[in-house]
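Asker: Dropping the sequence and predicted coords here.
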Amino acid sequence: MTNKKIYVAGHRGMVGSAIVRRLQQGGYTNLVTRTRQELDLLDQRAVHDFLLHEKPDYIFLAAAKVGGIHANNTLRADFIYENLSIESHIIHGAFKAGVKDLCFLGSSCIYPRDCPQPIREEYLLTGPLEQTNEPYAIAKIAGIKLCESMNRQYGTRFVSVMPTNLYGPNDNYDLANSHVLPALIRKAHEAKQRGDAEFVVWGTGRPMREFLYVDDMADACVFLMEQDIGDGIYNVGMGEDVTIRQLAETIMDVVDFKCNIVFDSSKPDGTPRKLLDVSRMSHLGWRANTSLRDGIAQAYADFLRSSMN
């Protein structure tokens, strides 16, 4: 199996690079990757020609335009257009090239804003989405439905995985468009360096979030490939969550930064709670291994390395 030809789309991103690491650790050597300069995933003809030429045995579709609340809410057209384009070009291109097996990476934001907790896969499309990231969520839902429809009409084996909030090596620490955990790592580090008496955190601190170390996510994706799972939606997460306040306190502890936390309630909270039901993966025999504090410590070490470059 380790001689399979595997294309990882988005291999320089946080998720894609973790999948490459996991595949290499598992002895897979026939990996195909392309940088954005080598292959523009927004160019349909270029993507289709590439897949027809390479004809991989398996595709991990980890390429996407991603960002936090601010980026999602202000770059709405970019988020829906680019993500629809990337996923449709690769998924349809895979079918045209005769690629039978593909793993599409979605997002937990596909689920309704106020659906029951923990969130089961069947809650998809049962209520309104969170408005701040609706365009991104709609693009990801379209990708899931494209995979599902390809399977039904053409007999492909395209599986969709829905990760909870991810973090880890190669994360984006840009305060203008990053997610909450990497943004707080950077803010805590810089506030400590300045000797600030207060640590300001967006929102009320009350929303609850689940966080998964990205190497655990990569392990889940490769697990599904090796288990020969070729259909359906699978939530991937820790199965437990924390408040944003608890997250901020844990990050401050890892950074060794002591001061008062101040919550800026003029900034949006986003979804009140988002905890995934991970029983489908558990029943298959997969479980995350990295605790939140251990994962944050590894992410902080990665941030320090990246900030020195």
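Answerer: All right, it came through fine. A quick note: this is a predicted structure, and the numbers were derived from the prediction, not measured.
Asker: Only C-alpha atoms from now on, for both contacts and neighbour counts.
Answerer: Fine.
Asker: so what's the nearest residue to L175 once chain neighbours are set aside up against?
Answerer: Once flanking residues are discounted, L175 sits nearest to A183: 5.6 Å by C-alpha to C-alpha, 6 or more residues apart in numbering. Listed by C-alpha atoms under 8 Å, 6 or more residues apart in numbering, the contact partners of A183 are 173-175.
Asker: which of the residues you listed lies closest to I69?
Answerer: L175 (11.0 Å; C-alpha to C-alpha).
Asker: still on that earlier bit, can you give me the distance of the residue nearest to L175 to V255?
Answerer: 13 Å (C-alpha to C-alpha, to the nearest Å).
Asker: quick one: low-confidence ranges for the protein?
Answerer: Counting by pLDDT under 70, the chain contains low-confidence ranges at 309.
Asker: Go through it and flag its longest strand.
Answerer: strand 157-163 (DSSP state E).
Asker: List the neighbouring strands of it plus their orientation.
Answerer: strand 101-105 (parallel), strand 233-236 (parallel) (DSSP bridges).
Asker: tell me how far it is from the chain's mean position?
Answerer: Offset of strand 157-163 from its chain centre (C-alpha atoms, centre = their mean, to the nearest Å): 12 Å.
Asker: Show me the contact partners of it.
Answerer: Counting by C-alpha under 8 Å, 6+ apart, 100-108, 144, 147-148, 150-151, 212, 217, 221, 229-237 sit against strand 157-163.
Asker: With stretch 5-20 instead?
Answerer: The contact list for stretch 5-20, computed with C-alpha under 8 Å, 6+ apart, reads 30-35, 56-64, 167-171, 214-215, 217-219, 221-222.
Asker: swap in stretch 59-77?
Answerer: 6-11, 13, 15-16, 79, 82-83, 86-87, 90, 101-105, 132-133, 135-136, 176-180, 270.
Asker: Just the ones of those residues in strands?
Answerer: 6-9, 101-105.
Asker: now the strands: where do they sit in the chain?
Answerer: Using DSSP E, strands in the chain cover 6-9, 31-32, 58-61, 101-105, 157-163, 165-167, 198-202, 208-209, 211-213, 233-236, 242-243, 260-264, 273-274.
Asker: about what we covered before: turn the ones in strands among the contacts of stretch 59-77 into CSV, including distance to Q246.
Answerer: Listed next are the ones in strands among the contacts of stretch 59-77 as CSV, based on distance: C-alpha to C-alpha, whole Å:
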residue, distance to Q246
I6, 39
Y7, 38
V8, 34
A9, 34
D101, 40
L102, 37
C103, 33
F104, 31
L105, 28
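Asker: Farthest-apart pair in those, please.
Answerer: Farthest-apart pair in the ones in strands among the contacts of stretch 59-77 is I6 and L105; separation 15.3 Å (C-alpha to C-alpha).
Asker: How many neighbouring residues does H92 have?
Answerer: H92 has 18 neighbouring residues, counting by other C-alpha atoms under 10 Å.
Asker: nope, R76 is what I meant
Answerer: 15.
Asker: again with L276
Answerer: Other residues close to L276 by other C-alpha under 10 Å number 25.
Asker: for the nearest residue to it once chain neighbours are set aside, what are its contacts?
Answerer: Nearest residue to L276 in three dimensions, chain neighbours excluded: I119, at 4.6 Å (C-alpha to C-alpha, 6+ apart). Going by C-alpha under 8 Å, 6+ apart, I119 touches 111, 274-277.
Asker: how about 10 Å then?
Answerer: Listed by C-alpha atoms under 10 Å, 6 or more residues apart in numbering, the contact set of I119 reads 108, 111-112, 235, 239, 273-278.
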